[in-house]
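1. Mind folding the following:
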Amino acid sequence: MLAYLIAGVFFILALRGLSSPASSRTGNRNGMIGMVIAVVTTLVTHDIANIVEIGIAILIGALIGVTIARRIAMTAMPELVAGFHSLVGLAAVVVGFAAWLNPGAFGILNDTGVILPISRIELGLGIAIGAITFSGSVIAFLKLSGRMSGSPILLPARHVINLGTLAAILVLIGVYAVSPDGGAGEGWFVIAIAVLAFIIGFLLIIPIGGADMPVVVSMLNSYSGWAAAAMGFTLGNTAMIITGALVGASGAILSYIMCRAMNRSFLSVIAGGFGAAAASGAAGGGEQRPYKTGSAEDAAFMLSQAEKVIVIPGYGMAVAQAQHALREMTDMLEDKGVDVKFAIHPVAGRMPGHMNVLLAEANVSYDKVFELEDINSEFAQADIAFIIGANDVVNPAAKTDRASPIYGMPVFDVDKAKQVFFIKRSMGGVGYAGVDNDVFYMDQTVMLLSDAKKMVEEIVKSID
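-> As a prediction, the model looks like this:
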């Protein structure tokens, strides 16, 4: 128990460290230490049927993890996280079925040889939450990786279907818990719970649009934690209960913080998400509005003459892997005496902290990176707002257009800057939320239509 408590302390220190890019390495290290303590303690204090098989499984898992970590591109981190969440959910389902099929091995039988009622509740909840996490994470992975459209898929009467399915899962868990023979003759209850939970995980995520994906990722992270905690009770493993509760609570808090950053309620995200109305009012059709275009030479000259530049990165920067070129441009401008700062929106990219991770990878100093509430007031004093691959987080429709699907989301006040440079591949597309952006057509905006990395590299070459 003491060793598990020590592991829990390291997990808490890990979460604290991961809350800031400056301390993230230490946080990650603390998490690894805590996990080693928890795993070793479990192996030492439990009767192990075959330590060799467990060792081989750990080795295989370690090799797969190291291979993925070395090969994965930073742009693929969001879908990788979603994929890992799906594995946690699937593991909870597998453990739940193992406990149901062989309850004696888990020590959850009463004196009459049936599964304890409280264990049936834990088992049912663990399977249900794990199945929801698995199927929901699979859909999130498909959306984030581009294998499935990021647009919302809205089913008729989806709210009724979702609520009815969730209610059916809870009823089945309740009936299973009070079954007189402990579920031995009512095994179809457990199977039905799993099937319905797999379905509801799918149904909950497909109507959520791309702009809400960062919230979905943190929400699924929370689900995976609660699934692990529920299985911890079934296994009688204190470490799993502590770890699952920490992950579940931290994921829920992060989801809440991000929803507040978008001025949206958690329930509104789950009910449909951004982009639900975008299909009718987004990119297509309509009269082409006039806009200005410029070159890398134009941008380089203006940037070199500026006193203060605020850079707003978005997913386009991640896709183009432009962060290293952007850091080089920043260094050159600072050598000329230009004050360069980075503005990070809470939901920029496809997962929480996506932009922070990319800028940290490019060795951008942490003291140059600011959150929305800390820097938004400075745009009025900025000579240039340099937008690279962002869209929805700078869209003024969020403040002015009540019909917009992003209405109410706090955005950067780039329209107050003296000059705006907006790097975008082409004028043919819109942001992930599927809505046009008035910033494109402002008098002080110059569109730099090109791949983000290529454009920034050309700007670097043109800076004297």
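2. Mind jotting down where the helices sit in the stretch 1-150 of the chain?
-> Under the criterion DSSP state H, counting those that start in this stretch, the stretch 1-150 of the chain carries helices at the ranges 2-17, 24-45, 51-71, 77-101, 103-106, 117-144.
3. So which bits of the last one are buried?
-> Neighbour counts using 16 or more other C-beta atoms under 10 Å place 119-144 of helix 117-144 among the buried residues. To be clear about C-beta, it is placed using only N, CA and C from the backbone, and glycine gets the same treatment.
4. next one: the fifth one
-> Along helix 103-106, the positions that meet the burial threshold by neighbour count (16+ other C-beta under 10 Å) are Pro103, Phe106.
5. Which elements pack onto it?
-> Helices and strands touching helix 103-106, as assessed by 3 or more C-beta pairs under 8 Å, 6 or more residues apart in numbering; DSSP states H and E, comprise helix 77-101.
6. any chance of the helices of the stretch 1-150 of the chain in CSV, plus mean pLDDT and distance to Val338?
-> What follows is these, written out as CSV (pLDDT from 0 to 100; distance: least, C-beta to C-beta, whole Å):
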stretch, mean pLDDT, distance to Val338
helix 2-17, 90, 32
helix 24-45, 89, 28
helix 51-71, 88, 36
helix 77-101, 88, 30
helix 103-106, 83, 63
helix 117-144, 90, 35
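7. gap between the nearest residue to Ile193 once chain neighbours are set aside and Ile108?
-> For Ile193, ignoring the flanking residues on the chain, the nearest one in space by C-beta to C-beta, 6 or more residues apart in numbering is Leu172 at 5.0 Å. As judged by C-beta to C-beta, to the nearest Å, Leu172 and Ile108 stand 19 Å apart.
8. just Thr330 next, same as before
-> When distance is defined by C-beta to C-beta, Thr330 is 58 Å away from Ile108.
9. same check, this time on Ala398
-> Note on Ala398: its distance to Ile108, by C-beta to C-beta, is 51 Å.
10. ok, the closest residue to Leu372 other than its chain neighbours - contacts?
-> Leaving aside its sequence neighbours, Leu372 sits nearest to His345 (C-beta to C-beta, 6+ apart; 5.4 Å). In this structure, His345 makes contact with Ala261, Ile312, Gly314, Met355, Leu372, Ala390, Val393, Val411, Phe412, judged by C-beta atoms under 8 Å, 6 or more residues apart in numbering.
11. Then Phe233?
-> When the contact criterion is C-beta under 8 Å, 6+ apart, the partners of Phe233 are Ser119, Glu122, Gly126, Ile241.
12. Between these, which sits nearest Ser265?
-> Out of the contacts of Phe233, the one with the shortest distance to Ser265 is Gly126. That distance is 27.5 Å, counting by C-beta to C-beta.
13. if I read this right, that closest one contacts Ala230, doesn't it?
-> Yes. Under the criterion of C-beta atoms under 8 Å, Gly126 lies in contact with Ala230, with a separation of 3.5 Å.
14. shared neighbours, those two?
-> Ala92.
15. just to revisit the earlier point, quick one: work out the angle between whichever strand or helix holds the residue nearest to Ile193 and helix 77-101.
-> With elements taken from DSSP states H and E, the one containing Leu172 is helix 158-177. Between helix 158-177 and helix 77-101, the angle formed by their directions is 30 degrees, by axes from the mean of the first three to the mean of the last three C-alpha atoms, to 10 degrees.
16. What are the contacting residues of helix 158-177?
-> Judged by C-beta under 8 Å, 6+ apart, the contacts made with helix 158-177 from elsewhere in the structure are 117, 120-121, 124-125, 128, 155, 183, 186, 189-190, 192-193, 196-197, 199-200, 203-204, 207, 271.
17. Over to stretch 6-18?
-> Judged by C-beta under 8 Å, 6+ apart, the contacts made with stretch 6-18 from elsewhere in the structure are 23-31, 33-35, 37-38, 41, 239, 242-243, 246, 250.
18. Just the buried residues of it, please?
-> Buried positions in stretch 6-18, judged by neighbour count with 16+ other C-beta under 10 Å: Ala7, Gly8, Phe10, Phe11, Ile12, Leu13, Ala14, Leu15, Gly17, Leu18.
19. pull the CA atoms of that stretch into PDB?
-> As requested, C-alpha coordinates have been extracted for stretch 6-18 and formatted as PDB (Å, rounded to 0.1, in the frame of the first residue of the first chain):
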ATOM      1  CA  ILE A   6       4.400   6.700  -3.400                       C
ATOM      2  CA  ALA A   7       3.500   5.900  -7.000                       C
ATOM      3  CA  GLY A   8       0.400   8.100  -6.600                       C
ATOM      4  CA  VAL A   9       2.500  11.000  -5.400                       C
ATOM      5  CA  PHE A  10       4.700  10.700  -8.500                       C
ATOM      6  CA  PHE A  11       1.600  10.700 -10.700                       C
ATOM      7  CA  ILE A  12       0.400  13.900  -9.000                       C
ATOM      8  CA  LEU A  13       3.800  15.400  -9.500                       C
ATOM      9  CA  ALA A  14       3.700  14.300 -13.200                       C
ATOM     10  CA  LEU A  15       0.400  16.100 -13.700                       C
ATOM     11  CA  ARG A  16       1.800  19.200 -12.100                       C
ATOM     12  CA  GLY A  17       4.900  19.100 -14.300                       C
ATOM     13  CA  LEU A  18       2.900  18.600 -17.500                       C
END
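20. Tell me how far that stretch lies from the chain's centre.
-> With C-alpha atoms, centre = their mean, to the nearest Å as the basis, the distance from the averaged C-alpha position of stretch 6-18 to the chain average is 20 Å.
21. Please, where are all the strands along the stretch 301-450 of the chain?
-> Applying DSSP state E, counting those that start in this stretch to the stretch 301-450 of the chain gives strands spanning 308-313, 339-344, 369-371, 384-388, 419-424, 445-449.
22. got any ranges where this structure has weak pLDDT?
-> 74-75, 150, 181-186, 209-211, 261-264, 268-287, 405, 428-434 (pLDDT under 70).
23. how's it carved up into domains?
-> As given by automatic domain parsing, the domain ranges for the chain are 1-44, 78-280, 296-462.
24. Centre of the chain to the host helix or strand of Phe233, how far?
-> For Phe233, the element it lies in under DSSP H and E is helix 213-235. The chain centroid and the centroid of helix 213-235 are separated by 13 Å, computed with C-alpha atoms, centre = their mean.
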